[in-house]
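Trainee: Only the shape, not the letters, is given here:
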């Protein structure tokens, strides 16, 4: 039976986690090195030219395919790589599970239903689903921006996800490493916690009466 955790805030009946930076370590440095090696340039130059621009966001909302997104990268990064070369670097961004997070999720799922919400594109989704199958098992559902057609921090994304989860927004505690995403969750009526380390997750869960370790 699912617990209902009480605290000074509204009742917490479900937990919602970001993936990259909270459950899975993530960084673009590997992609920059890969692309730079193939293009014969300095990775710092790639890093300076790369941005999460409108094309990046369209890709994460599922509005353009990878081939179209890679075409925009050829222009913005000023490198002439094939789609395959871009893809090999693009998928080299996952740096392993966040240490200790599997234990936290394993304990938490005994008390509350766990869900995840991630801004991600189809090619990345295929990679993290395969690499981190075990770590992702505690989640009942993983909501992906490219499937939803909308992304964080849009408050409408959080409202839709709350509806799909079957809970009122105020009954959901959301964890994300990006303050702008937590702000979007707050606007939608969710409770939210900015995560800079696993200790932030443990402290937030402890505050609602769920002990998951030191």
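Mentor: In hand now; what should we look at? Computed from a prediction, not measured in an experiment: that's the story for all the values here.
Trainee: Please identify the helix or strand for the closest residue to residue 145 other than its chain neighbours.
Mentor: In space, and not counting its chain neighbours, residue 145 is closest to residue 151: 3.7 Å by Cβ to Cβ, 6 or more residues apart in numbering. For the C-beta atoms, the positions are set from N, CA and C on the backbone; glycine is no exception. In this structure, residue 151 sits in neither a helix nor a strand according to DSSP states H and E.
Trainee: Any idea how many residues pack against residue 151?
Mentor: 22 (other Cβ atoms under 10 Å).
Trainee: Contact partners for it?
Mentor: When contacts are counted by Cβ atoms under 8 Å, 6 or more residues apart in numbering, residue 151 touches 57, 60, 61, 119, 145, 157.
Trainee: Out of these, which end up buried?
Mentor: Burial by neighbour count, 16 or more other Cβ atoms under 10 Å: within the contacts of residue 151 this picks out 60, 61, 119, 145, 157.
Trainee: Would you mind giving these as a markdown table with distance to residue 168 and pLDDT added?
Mentor: Compiled in a markdown table, the buried ones among the contacts of residue 151 are given as follows (distance: Cβ to Cβ, whole Å; pLDDT from 0 to 100):
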| residue | distance to residue 168 | pLDDT |
| --- | --- | --- |
| 60 | 26 | 97 |
| 61 | 25 | 97 |
| 119 | 23 | 97 |
| 145 | 22 | 98 |
| 157 | 16 | 98 |
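Trainee: Relative to residue 51, which of the residues you listed is nearest.
Mentor: Of all those, residue 60 has the smallest distance to residue 51: 13.5 Å, by Cβ to Cβ.
Trainee: who are the neighbours in contact with that closest one?
Mentor: Residue 60 neighbours (Cβ under 8 Å, 6+ apart): 119, 120, 121, 145, 146, 151.
Trainee: Read off the pLDDT value for the third one.
Mentor: pLDDT, residue 121: 95.
Trainee: can I assume it is in contact with residue 62?
Mentor: Yes. At 7.5 Å, residue 121 counts as touching residue 62 under the criterion of Cβ atoms under 8 Å.
Trainee: show me where this structure has strands.
Mentor: Under the criterion DSSP state E, the chain contains strands at 14-17, 24-26, 94-97, 114-118, 139-144, 172-176, 191-194.
Trainee: so can I have JSON lines of those showing mean neighbour count, distance to residue 48 and mean pLDDT?
Mentor: Formatted as JSON lines, these follow (neighbours: other Cβ atoms under 10 Å; distance: least, Cβ to Cβ, whole Å; pLDDT from 0 to 100):
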{"stretch": "strand 14-17", "mean neighbour count": "25", "distance to residue 48": "31", "mean pLDDT": "98"}
{"stretch": "strand 24-26", "mean neighbour count": "19", "distance to residue 48": "20", "mean pLDDT": "94"}
{"stretch": "strand 94-97", "mean neighbour count": "14", "distance to residue 48": "21", "mean pLDDT": "94"}
{"stretch": "strand 114-118", "mean neighbour count": "24", "distance to residue 48": "26", "mean pLDDT": "98"}
{"stretch": "strand 139-144", "mean neighbour count": "18", "distance to residue 48": "29", "mean pLDDT": "98"}
{"stretch": "strand 172-176", "mean neighbour count": "27", "distance to residue 48": "26", "mean pLDDT": "98"}
{"stretch": "strand 191-194", "mean neighbour count": "20", "distance to residue 48": "27", "mean pLDDT": "96"}
